[in-house]
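In: Any chance you could fold what I've pasted below:
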Amino acid sequence: MNENMNPVIADDSAIDHRKKIAEMHILIVEDTPAIQKLLTHILRRTGAQVTGTVNGQEAVDAALADTDARFDAVLMDMQMPVLDGYAATRELRARGFDRPIIALTAHAMTGDREKCLAAGCNDYTTKPIDLKCLIEMIEQNQARWAQQETSPAFCDRVEAIRQPETTQQTSDFKHLDVDAAMQRLDGDEQLFVEMIGSFLTFQPEMFSAVVGAMESADAPELRRNAHGLKGALSDFTSSLPFETARTLEDLAANDCLSEVDDVAMALKSQVDELCGELKQYLASVPPQQETAIPISAV
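Out: Next up is the predicted model:
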């Protein structure tokens with residue numbers, strides 16, 4: 001990587017009023033000294049405690065160490081020596097690390113985001129890094145993690161999936177939450193359209209990986225793939241498909257493979273419904289905004 005590249009657009013005004021991450025302990029995994037130094041400086045100015053590592057193996061060792069200094073979030077560079085960010089993230093997820101992992105990468109090609117999410121990352125940002133957006137991303141993912149921690153136990157969620165209740169519709173869609181997505185994307189409909197196209201393209205492959213892990217009775221792999229699908233779903237919904245993917249992830253984490261068939265069947269149905277809603281949304285978008293959507297996706 002090029003150390004002369006401007007890695008962060010440092011907007012100091014974004015720091016002073018940030019209080020939510022002041023108590024967090026953040027692990028930075030970055031092999032470029034200039035980027036690690038700058039990120040460490042910026043995050044410490046928010047009040048966060050920061051630990052730095054320079055490759056994926058160091059990150060795995062630090063995150064899984066039997067100490068009281070548990071990390072609340074990980075900023076993971078994806079291209080590193082020894083063990084890259086993809087492999088490190090997969091190992092962390094397979095060994096039970098459930099806190100937010102945010103991918104940092106110089107790559108911005110179609111499919112890179114999905115590759116990071118499939119490895120087990122919760123979110124993704126490209127270099128050069130926008131400081132304000134990064135801080136907000138850390139806060140949002142920490143809030144989502146905290147909300148998941150206080151939700152019903154997964155055994156209760158499994159039973160709810162087997163005996164679904166009929167709920168009253170509160171919007172045009174059963175699963176798709178356009179308003180929440182627009183709020184996260186600051187109203188950028190074109191970006192949302194591109195995200196939908198990418199999801200529709202890669203979703204079958206992601207679900208096939210889930211099925212493959214089930215068929216091979218590979219609990220760590222099932223957990224990783226369910227986690228990646230859950231992360232992809234979070235861009236569009238926080239309702240049933242997201243919750244069912246999370247339940248499947250929890251079942252795999254607890255090695256309850258005898259319970260996964262019903263959950264996976266429900267998830268497939270819910271994801272299919274969501275995909276239908278996404279295509280319906282695309283059909284409502286003016287034609288000139290659909291150019292970025294792969295033909296195969298719609």
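
In: Please make it C-alpha for all contacts and neighbour counts, starting now.
Out: OK.

In: okay, now the domains of this protein?
Out: 8-147, 152-297 (automatic domain parsing).

In: mean pLDDT for the ones you listed: which is lowest?
Out: Confidence, taken as mean pLDDT, is least for domain 152-297 of these (a mean of 80).

In: State the distance from residue 206 to residue 268.
Out: 11 Å (C-alpha to C-alpha, to the nearest Å).

In: quick one: which of those two has more around it?
Out: Taking neighbours as other C-alpha atoms under 10 Å, residue 206 and residue 268 compare with residue 206 leading, 21 against 16.

In: By residue count, which helix of the chain is the longest?
Out: helix 189-215 (DSSP state H).

In: Check which helices and strands that one is in contact with.
Out: Other elements packing on helix 189-215 under the criterion 3 or more C-alpha pairs under 8 Å, 6 or more residues apart in numbering; DSSP states H and E are helix 112-119, helix 178-184, helix 219-233, helix 260-284.

In: and that helix, which residues are buried?
Out: Going by neighbour count (16 or more other C-alpha atoms under 10 Å), the buried part of helix 189-215 is 190, 192-203, 206-207, 209-211, 213-214.

In: quick one, that helix and helix 219-233 angle?
Out: Interaxial angle of helix 189-215 relative to helix 219-233 (axes from the mean of the first three to the mean of the last three C-alpha atoms, to 10 degrees): 160 degrees.

In: State the separation between helix 189-215 and the centre of the chain it belongs to.
Out: Once both centres are worked out by C-alpha atoms, centre = their mean, to the nearest Å, helix 189-215 turns out to sit 13 Å from its chain's centre.

In: quick one, it and helix 112-119 angle?
Out: Using the same axes, to 10 degrees: helix 189-215 against helix 112-119 is 30 degrees.

In: Could you tell me the angle between helix 189-215 and helix 260-284?
Out: Using the same axes, to 10 degrees: helix 189-215 against helix 260-284 is 160 degrees.

In: Over to the nearest residue to residue 80 once chain neighbours are set aside: give its phi and psi.
Out: Of all residues not flanking residue 80 in the chain, residue 55 sits nearest, at 5.7 Å (C-alpha to C-alpha, 6 or more residues apart in numbering). With angles defined as degrees, to the nearest 10, residue 55 sits at phi -160, psi 170.

In: my guess is residue 55 contacts residue 78, does it?
Out: No: counting by C-alpha atoms under 8 Å, residue 55 does not reach residue 78; the two are 9.4 Å apart.

In: Give me the common contacts of these two.
Out: Common neighbours of residue 55 and residue 78, using C-alpha atoms under 8 Å, 6 or more residues apart in numbering, are 84-85.

In: what's near enough to touch the most centrally placed residue in the chain?
Out: Centroid-nearest residue in the chain: residue 122, 2.1 Å away (criterion: C-alpha atoms, centre = their mean). Residue 122 makes contact with 100-103, 141, 228, 231, according to C-alpha under 8 Å, 6+ apart.

In: now do residue 89
Out: Contacts of residue 89 (C-alpha under 8 Å, 6+ apart): 101, 119-121.

In: again with residue 223
Out: Contacts for residue 223 (C-alpha under 8 Å, 6+ apart) come out as 93-94, 248-253.

In: Mark which of these are part of helices, please.
Out: 93-94, 248-253.

In: Show me where the stretch 51-200 of the chain has its helices.
Out: Here the stretch 51-200 of the chain has its helices, by DSSP state H, counting those that start in this stretch, at 56-63, 85-94, 112-119, 131-149, 154-162, 178-184, 189-215.

In: Of those, which is nearest residue 241?
Out: helix 154-162 (10.4 Å; C-alpha to C-alpha).

In: hey, C-alpha coordinates of stretch 245-261 in PDB?
Out: Taking Å, rounded to 0.1, in the frame of the first residue of the first chain, the C-alpha atoms of stretch 245-261 are listed here in PDB:
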ATOM      1  CA  ALA A 245     -30.500 -15.000   9.700                       C
ATOM      2  CA  ARG A 246     -29.300 -13.900  13.200                       C
ATOM      3  CA  THR A 247     -31.100 -16.900  14.700                       C
ATOM      4  CA  LEU A 248     -29.500 -19.200  12.300                       C
ATOM      5  CA  GLU A 249     -26.100 -17.700  13.200                       C
ATOM      6  CA  ASP A 250     -26.800 -18.200  16.900                       C
ATOM      7  CA  LEU A 251     -27.800 -21.800  16.400                       C
ATOM      8  CA  ALA A 252     -24.600 -22.500  14.500                       C
ATOM      9  CA  ALA A 253     -22.600 -20.700  17.200                       C
ATOM     10  CA  ASN A 254     -24.100 -23.000  19.800                       C
ATOM     11  CA  ASP A 255     -23.700 -26.100  17.600                       C
ATOM     12  CA  CYS A 256     -27.400 -26.700  17.500                       C
ATOM     13  CA  LEU A 257     -27.400 -28.100  14.000                       C
ATOM     14  CA  SER A 258     -30.500 -30.200  14.600                       C
ATOM     15  CA  GLU A 259     -32.500 -27.000  14.800                       C
ATOM     16  CA  VAL A 260     -31.400 -25.300  11.700                       C
ATOM     17  CA  ASP A 261     -33.500 -26.900   9.000                       C
END
